[in-house]
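1. Pasted the sequence and its predicted model underneath.
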Amino acid sequence: MAEQKIFAGPRIRRLRLSKALSQTAMATELGISPSYLNLIERNQRPLTVQLLLKLSSVYRIEPEEFDEEGGLLPALRQAFADPLIAGELAGEGEIADLAASAPNAARAILKLHQAYREQAERLSDLAELLAREGRASLLAGARLPADEVRETFERRPHHFGRIEAETERFAQALAPGDDLLGALKAWLRAEHGIAVRVLPASAMPVWRRRYDRHSQRLFLSERLSPFDQLHEVALEAVLLRLGDAIGAEIADLALSSDEARRLARFEIGRYAANALAMPYAAFARAAATARYDVDLLAARFRVSFAQAAERLTTLARPGEAGIPFFLLEIDHAGHRLRRVGAAGFPLLRFGGACPKLSTYASFARPGEILADAVEMPDGARFLNVARTLDGLAAGFGERPRRTALLLGCDFDRRAEVVYGDRLPVMPLTSDVATVPVGPACRLCERVACTARAEPPLTRPLGLDEMARGVSAFDFQ
């Protein structure tokens, strides 16, 4: 306190008014002149150590409470980092000025922002609850283009018939044999004059792929695995070759903005790149023969685990459909990055936000495949397979990105899937042991759940002083 000047005029004024004191009366109690108190309240004089101690003694307030700026700055930085208002201030200096010169206004902004966040969470929970009951909700309001595209892909089957047909014709024209990457590079050079080159991470610090129109070169980062390098080259090729088919699929999605359509173009491009590397008919036959063993499929088609798993969610061609798998990808913090499914992601039946799902456990066992059966509150059961995925190669001192992927299907199809062979069974019986889960804590009414992180939206909290349940949130 002695080395830092503290200007707390608004705090002193608020204290004085809360006690219904005039400046003269308060100055008398503090042993200073009214004019000096007036200067302090207008932030023209700092609080001295002696005056801080006097305030603490007379009004029973800790000296630290007068450091307005120190407590407000972190909270204001967090509030103004919200995408909704991130561009409103020119820099850090304005936030510091706001905390120093108008702390009451700053606190009001923080209260409004907190109320906005809480209201948004309540509306989101209510929208999910109404969706579970089959009732559409208009409460969600405006969405970002990325949200619209994500929700559109989650609701619809993850299968694009035009794209499958066009990639098969493209593959026939390429005749890649065992070298798809070489065939794609040759096609890009012959048809569009584009050369492919891998650059060091230092030359591409913020890109994984970049096309230079002037030099007609496609640059790839050395951080990409060989599987991801093939995927990026295939993505560039299909965006050039399948433009009409991709445009037709986007038109069918009926998106509301050009930005959403642009994002959808890249999502469908990623789909087409996987379809080119894993032709539908060959992949569907291999998947059924291998009993949907993702590692074997990845090795056979020379793709990554994630690419093979995602391709399993696309096997919905009429007459050649496979098991309707769905896929969920999350990060360490539980953010849901992708949700797709051959019949649409089963959001209403499965949810995917329960902390007891094996995706969260897989972070403690990186690279290992975890298989289990889960049971929802309504009795629906699913076979789940979870595994961590490593992101781009990280250099020394960098923190690598790791996510977790969950591949699921209806429990009744477990006999067709290799992962169903070794599910744990209950003691003294031959029944498969299932993990009781829910769609999300706010939508789940399971009692005595030790993993519960939030109370259910549909039940009042139980506040019984005579008893306390094992859950962190008891409810009636």
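-> Yep, that arrived. Residues are numbered from 1 along each chain as shown.
2. what about residue 457, neighbour count?
-> By other C-beta atoms under 10 Å, the residues close to residue 457 number 16. Using the backbone N, CA and C atoms, a C-beta is placed for each residue, glycine as well.
3. my read: it touches residue 442, true?
-> Yes: using C-beta atoms under 8 Å, residue 457 is in contact with residue 442, at 4.8 Å.
4. Geometric centre of the protein: which residue is closest?
-> residue 335 (3.1 Å; C-alpha atoms, centre = their mean).
5. And that residue, what's its pLDDT?
-> Per-residue pLDDT puts residue 335 at 88.
6. What of residue 463?
-> In this model, residue 463 carries a pLDDT of 64.
7. Confidence-wise, which helix or strand of this structure is lowest on average?
-> Sorting the helices and strands of the chain by mean pLDDT, DSSP states H and E puts helix 68-80 at the bottom, at a mean of 68.
8. just for the stretch 301-450 of the chain, where's the confidence low?
-> For the stretch 301-450 of the chain, the stretches with pLDDT under 70 are 428.
9. can you map out the helices along it?
-> Counting by DSSP state H, counting those that start in this stretch, the segments of the stretch 301-450 of the chain that form helices are 305-312, 347-350, 358-362.
10. Residue 148: which of the ones you listed is closest?
-> helix 347-350 (15.5 Å; C-beta to C-beta).
11. which residues in this protein form strands?
-> Counting by DSSP state E, residue ranges of the strands within the chain are 195-199, 209-212, 217-221, 326-331, 336-341, 370-375, 381-390, 402-410, 434-436.
12. buried sites along the longest one?
-> Residues of strand 381-390 classed as buried under the neighbour-count rule (16 or more other C-beta atoms under 10 Å) are 382, 383, 384, 385, 386, 387, 388, 389, 390.
13. Is it possible to get a markdown table of these that adds distance to residue 326?
-> Below are those laid out as a markdown table (distance: C-beta to C-beta, whole Å):
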| residue | distance to residue 326 |
| --- | --- |
| 382 | 9 |
| 383 | 11 |
| 384 | 10 |
| 385 | 11 |
| 386 | 13 |
| 387 | 15 |
| 388 | 19 |
| 389 | 17 |
| 390 | 22 |
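14. for those residues, which one is nearest residue 14?
-> Closest approach to residue 14 among these (C-beta to C-beta): residue 388, at 51.5 Å.
15. Check the spacing between that closest one and residue 224 real quick.
-> Distance, residue 388 to residue 224, using C-beta to C-beta, to the nearest Å: 18 Å.
16. again, but for residue 399
-> Counting by C-beta to C-beta - residue 399 and residue 224 are separated by 18 Å.
17. ok, these two, which is more surrounded?
-> Legend: neighbour count by other C-beta under 10 Å for residue 399 and residue 224, higher for residue 224 (19 against 6).
18. I'd guessed that one sits against residue 233; true?
-> No: Residue 224 lies out of contact with residue 233 (C-beta under 8 Å); the separation is 10.1 Å.
19. Just the buried positions in stretch 52-64, please.
-> So stretch 52-64, judged by 16+ other C-beta under 10 Å, has buried residues 52, 54, 55.
20. Could you single out the nearest of the residues you listed to residue 320?
-> Of the buried residues of stretch 52-64, the one sitting nearest to residue 320 (C-beta to C-beta) turns out to be residue 52, at 78.4 Å.
21. quick one: that closest one from residue 404, how far?
-> According to C-beta to C-beta, residue 52 stands 51 Å off from residue 404.
22. Contacts only, for residue 327.
-> The contact partners of residue 327, by C-beta atoms under 8 Å, 6 or more residues apart in numbering, come to 309-310, 312-313, 338-341, 345, 405-408.
23. In ChimeraX, how would I select the buried members of the residues you listed?
-> This is how ChimeraX selects the buried members of those, with burial counted by 16+ other C-beta under 10 Å:
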select :309,310,312,313,338,339,340,341,345,405,406,407,408
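24. circling back to that earlier point, mind listing which of the buried residues of stretch 52-64 are in helices?
-> 52, 54, 55 (DSSP state H).
25. ok, and the closest non-adjacent residue to the last one?
-> To tie it back to what came earlier, the one meant is residue 55. residue 61 (6.0 Å; C-beta to C-beta, 6 or more residues apart in numbering).
26. for residue 337, same thing?
-> Sequence neighbours aside, residue 329 is the residue nearest to residue 337 in space, at 4.5 Å (criterion: C-beta to C-beta, 6+ apart).
27. can you pull the contacts of that neighbour?
-> Neighbouring residues of residue 329 by C-beta under 8 Å, 6+ apart: 306, 336, 337, 338, 339, 389, 403, 404, 405, 406.
28. go again using 7 Å as the cut-off
-> For residue 329, the contacting residues are 337, 338, 403, 405, by C-beta atoms under 7 Å, 6 or more residues apart in numbering.
29. Give me the distance between it and residue 359.
-> Taking C-beta to C-beta, one finds residue 329 at 8 Å from residue 359.
30. Report the contact partners of the nearest residue to residue 273 once chain neighbours are set aside.
-> What sits nearest to residue 273 in space, not counting adjacent residues and going by C-beta to C-beta, 6+ apart, is residue 234, at 3.9 Å. Contacts here follow C-beta under 7 Å, 6+ apart; on that basis residue 234 touches 184, 273, 276, 277.
31. do that again at 8 Å, thanks
-> Counted by C-beta under 8 Å, 6+ apart, residue 234 has contacts 180, 184, 272, 273, 276, 277.
32. Quick check: pLDDT value at the fourth one.
-> Spelled out, it's residue 273. Reading off the model, residue 273 has pLDDT 96.
33. Residue 183 contacts residue 171, correct?
-> No: in this structure residue 183 lies outside contact range of residue 171 using C-beta under 8 Å: 9.1 Å.
34. residues contacting the residue lying closest to residue 444 once chain neighbours are set aside?
-> Leaving aside its chain neighbours, residue 444 sits nearest to residue 438 (2.8 Å; criterion: C-beta to C-beta, 6+ apart). The contact partners of residue 438, taken as C-beta under 8 Å, 6+ apart, are 351, 354, 376, 377, 444, 445, 446, 449.
35. what number of residues lie near residue 199?
-> Using other C-beta under 10 Å, the number of residues around residue 199 comes to 14.
36. I misspoke; the intended subject was residue 353.
-> 21.
37. Pretty sure residue 451 is one of the things it touches, is it not?
-> No: Residue 353 lies out of contact with residue 451 (C-beta under 8 Å); the separation is 11.6 Å.
38. Give the closest residue to residue 38 in space, chain neighbours not counted.
-> Excluding the flanking residues, the one nearest residue 38 by C-beta to C-beta, 6+ apart is residue 23, at 6.0 Å.
39. what does residue 437 give?
-> Going by C-beta to C-beta, 6+ apart, residue 437 has residue 354 as its nearest residue, at 4.1 Å.
40. Kindly report the same for residue 339.
-> residue 345 (4.2 Å).
41. need the contact list for residue 176.
-> Taking C-beta under 8 Å, 6+ apart as the test, what residue 176 contacts is 182, 183, 184.
42. Can you tell me which of those residues are classed as buried?
-> By 16+ other C-beta under 10 Å, the contacts of residue 176 give 183, 184 as buried.
43. Redo the contacts of residue 176 as a markdown table? Include pLDDT and distance to residue 192.
-> Compiled in a markdown table, those are given as follows (pLDDT from 0 to 100; distance: C-beta to C-beta, whole Å):
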| residue | pLDDT | distance to residue 192 |
| --- | --- | --- |
| 182 | 95 | 16 |
| 183 | 95 | 14 |
| 184 | 96 | 11 |
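44. Sweet, I'm off.
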